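J.: Take this sequence and fold it.
(3 chains)
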Amino acid sequence: MKTTKGKATARSSKETLKPVDDKRVGKRKAVAKPEKSSKRQAKKERNAKKDPNKPKRPPSAFFVFLEEFRKTFKKENPNVKAVSAVGKAGGEKWKSLSEAEKAPYEAKAAKKKAEYEKLMKAYNKKQESSADAGDEESDRSRSEVNDEDEEEEGEEGEEEEEEDDD
DNA sequence: CACCTGATTGTTCGA
DNA sequence: TCGAACAATCAGGTG
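T.: Now for the predicted structure:
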């Protein structure tokens, strides 16, 4: 367990309790290797192409919020051209939001994740098919999340808590 | 000309 | 269990 540090993945317990920032990765590039430009940010799948259909990670609630925030931010700050500016402002605002406010974003992120899981299945399948292709259909049949289950705004009825602290 | 970097947090996979 | 990487963005900077 190692609670002494547990700074990372502290979310399991209570990240908010202790400052997790600390710039753990600072620039997600040094940490492990202080030197060496190990900064590979996924380029443009140009030369990557390592995986035929590697599903891109779904935008987290923060990114969903950021997307909208960027519009607003740029709208009020069309002069700002630094992506870091939006990131900082977004991050700050994000922390300012209440769970209820983040709920809609999380819900959206949750949906993306659901789709991502589906893609992952296909992705894993593809890799496996590499060795032996042929029965992918049988296995996928049951594994497949039903053929056409478009829940859409179903929303399961969660969120919408309406905290209304005001 | 093309790719990398910065900056934010969250999520996800791998060892 | 923990860490490291990557997701969008966008313009500037570098090889």
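J.: When you work out contacts or count neighbours from here on, use the C-alpha atoms and nothing else.
T.: Noted.
J.: So which elements touch the helix ranked longest in chain A?
T.: If you go by DSSP state H, chain A has its longest helix at helix A:99-131. With contacts defined as 3 or more C-alpha pairs under 8 Å, 6 or more residues apart in numbering; DSSP states H and E, the packing partners of helix A:99-131 are helix A:61-76.
J.: Show me the contact partners of the next helix or strand after the helix it packs on.
T.: Toward the C-terminus, helix A:61-76 is succeeded by helix A:83-96 as the next helix or strand (DSSP states H and E). Contacting residues not belonging to helix A:83-96 are listed as A:62, A:65-66, A:69-70, A:73, A:102 [C-alpha atoms under 8 Å, 6 or more residues apart in numbering].
J.: repeat that with 10 Å
T.: A:61-63, A:65-74, A:77, A:80, A:97, A:101-102 (C-alpha atoms under 10 Å, 6 or more residues apart in numbering).
J.: what about chain A, any weak spots by pLDDT?
T.: A:1-53, A:124-166 (pLDDT under 70).
J.: Quick check: PyMOL command selecting the buried ones in the contacts of helix A:83-96.
T.: The buried residues among the contacts of helix A:83-96 can be selected in PyMOL (16 or more other C-alpha atoms under 10 Å) with this line:
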select buried, chain A and resi 61+62+63+65+66+69+70+73+101+102
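J.: and the contacts of helix A:83-96 near DNA strand B, which?
T.: Restricting the contacts of helix A:83-96 to those within reach of DNA strand B (C-alpha under 7 Å from any atom of the strand) leaves A:61-63.
J.: could I get the residues you listed as a markdown table with distance to DNA strand C?
T.: Listed next are those as a markdown table, based on distance: C-alpha to the nearest atom of the strand, whole Å:
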| residue | distance to DNA strand C |
| --- | --- |
| A:A61 | 10 |
| A:F62 | 8 |
| A:F63 | 6 |
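J.: Which one of those is nearest to A:Y116?
T.: A:A61 (14.1 Å; C-alpha to C-alpha).
J.: Test my guess that the closest one contacts A:A107.
T.: Yes: assessed by C-alpha atoms under 10 Å, A:A61 is found in contact with A:A107 at 7.7 Å.
J.: got the contact list for the closest residue to A:F65 other than its chain neighbours?
T.: Excluding its sequence neighbours, the residue lying closest to A:F65 (C-alpha to C-alpha, 6 or more residues apart in numbering) is A:Y105, at 6.1 Å. Contact analysis of A:Y105 by C-alpha under 10 Å, 6+ apart lists A:59-66, A:99, A:111.
J.: Sweet, I'm off.
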